[in-house]
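> with the input below, show me the fold.
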Amino acid sequence: MDVKNAFTLKGLLGIVRRGVENAVPFPVWVFAEIADIKQRASGHCYLELVENSDSGAEARAQAVIWSQAYRMIAPYFHSETGRSLEPGMKILVKVQVSYSELYSLNLSIVDIEPSYSVGEAELEKRRTIRRLEEEGISDMNKSLSLPLLPRRFAIVSSETSAGYADFMKHLHGNRYGFRFVTELFPAVMQGKEAPRSIVAAMDTVAGREGDFDALVLIRGGGSNSDLSCFDDYDLAANIAQFPLPVLSGVGHDKDVHVCDLVSAYSVKTPTALSDMIIDIFVSEDMKLESYSAALKQAVRMKFVSLSSRLDLLEQRLRASDPKNVLKRGYVLLLDGQGRRFSSVAGREEGDGIEVLLADGSLHCRVEAVRRDKNDIEEEK
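The predicted structure follows:
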């Protein structure tokens with residue numbers, strides 16, 4: 001059994017956590033049904049979410065609405081629908097996906113869309129979503145990843161749109177000095193002509209796919225009727241199958257459209273979209289600073305380690321210095337040619353020798369040679 005490459009439990013779950021964080025780095029909108037819901041004394045609301053089919057549950061996950069968010073979400077949902085969140089209710093929520101080595105997968109609900117289950121327009125929207133899913137294209141654009149540092153953006157919007165102006169101001173005027181390349185592809189952004197006009201602009205961008213990292217779709221706020229074009233099937237299908245990641249920022253706080261759902265990334269407003277892009281660069285910048293600090297610390301520790309080793313070697317070198325040996329009472333014997341010797345072998349009466357001491361030397365002459373009896377017997 002080969003265990004050289006075995007993981008610790010924490011190490012393995014750490015890989016899972018990083019995989020989850022990289023796969024879903026931003027909050028996403030999710031359709032689900034409430035299987036169970038409990039509000040704690042702390043104010044937090046805990047939910048069990050499921051997705052059911054005719055054959056039973058197909059997916060299940062634990063979710064939480066933290067107290068601060070719940071104080072806003074619960075009354076807002078009730079004011080819009082006249083109902084409270086309850087088991088059996090189908091909801092559309094925005095969740096931040098996280099994973100903990102101790103507590104496993106968790107979905108933190110940060111927003112909810114009450115209009116999901118009300119009105120004819122909503123029913124038509126659901127039919128469109130169902131059609132996109134049945135055709136197998138609803139998640140195609142979501143499967144596309146942004147480059148590590150996306151800088152080149154094709155923008156489909158109206159040149160006179162306040163949302164476009166806000167996006168450009170926040171993106172190019174960011175306080176970090178990050179630089180981006182943007183190009184506007186004008187389109188009608190409301191009314192019956194909007195879907196056809198937007199698709200035409202997207203086709204132009206697709207013809208220059210290699211020039212851009214992503215397509216940005218910007219409209220800004222407006223009434224529900226003004227924004228209904230973003231529930232159009234043809235437009236949504238084109239977005240879903242677009243060759244570049246689509247970043248959608250066409251609505252406002254109360255709007256979630258089919259185009260938002262099929263886009264690779266979707267946020268509430270153009271300003272939030274520019275912030276999302278800038279945050280990508282800020283995050284990478286922080287990583288670089290962290291890596292730089294870690295590298296500097298590693299170099300410092302290496303120098304400390306090498307310095308300690310040099311000190312130890314210096315101590316050993318000093319300890320082995322012949323002068324230090326002589327100071328401990330030993331002597332060094334040199335023959336007439338200045339060669340060191342440590343045996344009487346080869347010495348004869350009358351030979352001149354030099355005896356090196358700690359503070360000088362003695363020049364002597366051999367008067368007699370006596371060999372140790374034990375050494376003589378060992379040689380025999």
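> please count neighbours and contacts with C-alpha atoms only from this point.
Will do.
> ok, Leu261 - contacts?
Each residue near Leu261 by Cα atoms under 8 Å, 6 or more residues apart in numbering is listed here: Trp29.
> tell me how many other residues surround Val262.
Other residues near Val262 number 26, with proximity taken as other Cα atoms under 10 Å.
> ditto for Leu146
Leu146: 16 neighbours (other Cα under 10 Å).
> and it, how far is that from Arg152?
11 Å (Cα to Cα, to the nearest Å).
> between the two, which contacts overlap?
Asp213, Ala214.
> who's in contact with the residue nearest to Leu326 when sequence neighbours are not counted?
Sequence neighbours aside, Ala358 is the residue nearest to Leu326 in space, at 4.8 Å (criterion: Cα to Cα, 6 or more residues apart in numbering). By Cα under 8 Å, 6+ apart, the contact set of Ala358 is Lys323, Asn324, Leu326, Lys327, Gly329, Val331.
> what does Tyr330 give?
Going by Cα under 8 Å, 6+ apart, the list of residues near Tyr330 reads Leu357.
> check the offset of stretch 249-267 from the chain's centre.
24 Å (Cα atoms, centre = their mean, to the nearest Å).
> hang on, I meant stretch 332-351
Centroid displacement of stretch 332-351 relative to its chain, using Cα atoms, centre = their mean, is 74 Å.
> ok, now stretch 14-25?
Using Cα atoms, centre = their mean, the offset of stretch 14-25 from its chain centre is 8 Å.
> residues in contact with it: which ones?
Under Cα under 8 Å, 6+ apart, the answer for stretch 14-25 is Val97, Ser98, Tyr99, Ser100, Glu101.
> and it, what's buried?
If you call a residue buried by 16 or more other Cα atoms under 10 Å, then stretch 14-25 has these buried ones: Val16, Arg17.
> equivalent analysis for stretch 145-160, please.
Applying 16+ other Cα under 10 Å to stretch 145-160 flags Leu146, Pro150, Arg151, Arg152, Phe153, Ala154, Ile155, Val156, Ser157, Ser158 as buried.
> got a list of what the fifth one touches?
To tie it back to what came earlier, the one meant is Phe153. Here Phe153 is in contact with Phe180, Val181, Thr182, Glu183, Phe212, Asp213, Ala214, Leu215, Val216 (criterion: Cα under 8 Å, 6+ apart).
> my read: the second one touches Arg151, true?
Yes. With contact taken as Cα atoms under 8 Å, Val181 and Arg151 are classed as touching, separated by 6.0 Å.
> are we agreed that Glu33 is in a strand?
Yes. Using DSSP: H, G, I helix; E, B strand; the rest coil, the assignment for Glu33 is a strand.
> if it is in a bridge, with which residues?
Val50, Lys90 (DSSP bridges).
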